[in-house]
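Undergrad: Here is a sequence with its predicted model. Questions after.
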Amino acid sequence: QVQLVESGGGLVQAGGSLRLSCAASGRTFTAYNMAWVRQAPGKERVVVAAISRFGVTTYDADSVKGRFTISRDNDKNTQYLQMNSLKPEDTATYYCAAQMSKPGRTWFRLGDYDYWGQGTQVTVSS
């Protein structure tokens, strides 16, 4: 079992920045690929960024490319999402998700994630 706890959300003006953190406890952190998934009101959850177990490979959705940066610190069992140049359309609940690497799994299929945090709200005002 892995417990994931997000923090760092809040209210920010357009153009501002926030840094989300996700602290993991339980099983070995390096066994898991990690991701940030967001859900805007009335919309489905979407993977916005993902990172491999040792941080060698990352993915950014086109909607956040160049503005958001995913990273992880395996010594601290924590992953991060640095969000710059925030836009009102970034308003959403942001979830941390962990995926044990297995054949056939992808970073883009929500059902391939094993553990989820409770989410942290990010609101960007115009």
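TA: Everything's here; your move. Residues are numbered from 1 along each chain as shown.
Undergrad: Surely residue 87 is in contact with residue 12?
TA: No: under the criterion of C-beta atoms under 8 Å, residue 87 is not in contact with residue 12, lying 10.5 Å apart. Backbone N, C-alpha and C define where each C-beta goes, glycine included.
Undergrad: quick one: common contacting residues for the two?
TA: Residues touching both residue 87 and residue 12 (C-beta atoms under 8 Å, 6 or more residues apart in numbering) are residue 124.
Undergrad: between those two, which one's more packed in?
TA: Neighbours per residue (other C-beta atoms under 10 Å) separate residue 87 from residue 12, with residue 12 holding more: 17 against 14.
Undergrad: Just after the strand or helix carrying the more buried one, pick out the following helix or strand.
TA: Using DSSP states H and E, residue 12 sits within strand 10-13. Note on strand 10-13: by DSSP H and E, the next helix or strand toward the C-terminus is strand 18-26.
Undergrad: List the pairing partners of that next one within its sheet, with orientation.
TA: Applying DSSP bridges to the sheet, strand 18-26 is found paired with strand 2-7 (antiparallel), strand 78-83 (antiparallel).
Undergrad: Kindly compare burial across those strands and name the winner.
TA: strand 78-83 (a mean of 23; mean count of other C-beta atoms under 10 Å).
Undergrad: Now find how far off-centre the next helix or strand after that strand is within its chain.
TA: For strand 78-83, the following helix or strand on the C-terminal side (DSSP H and E) is strand 92-100. Relative to its parent chain, strand 92-100 has a centroid offset of 5 Å by C-alpha atoms, centre = their mean, to the nearest Å.
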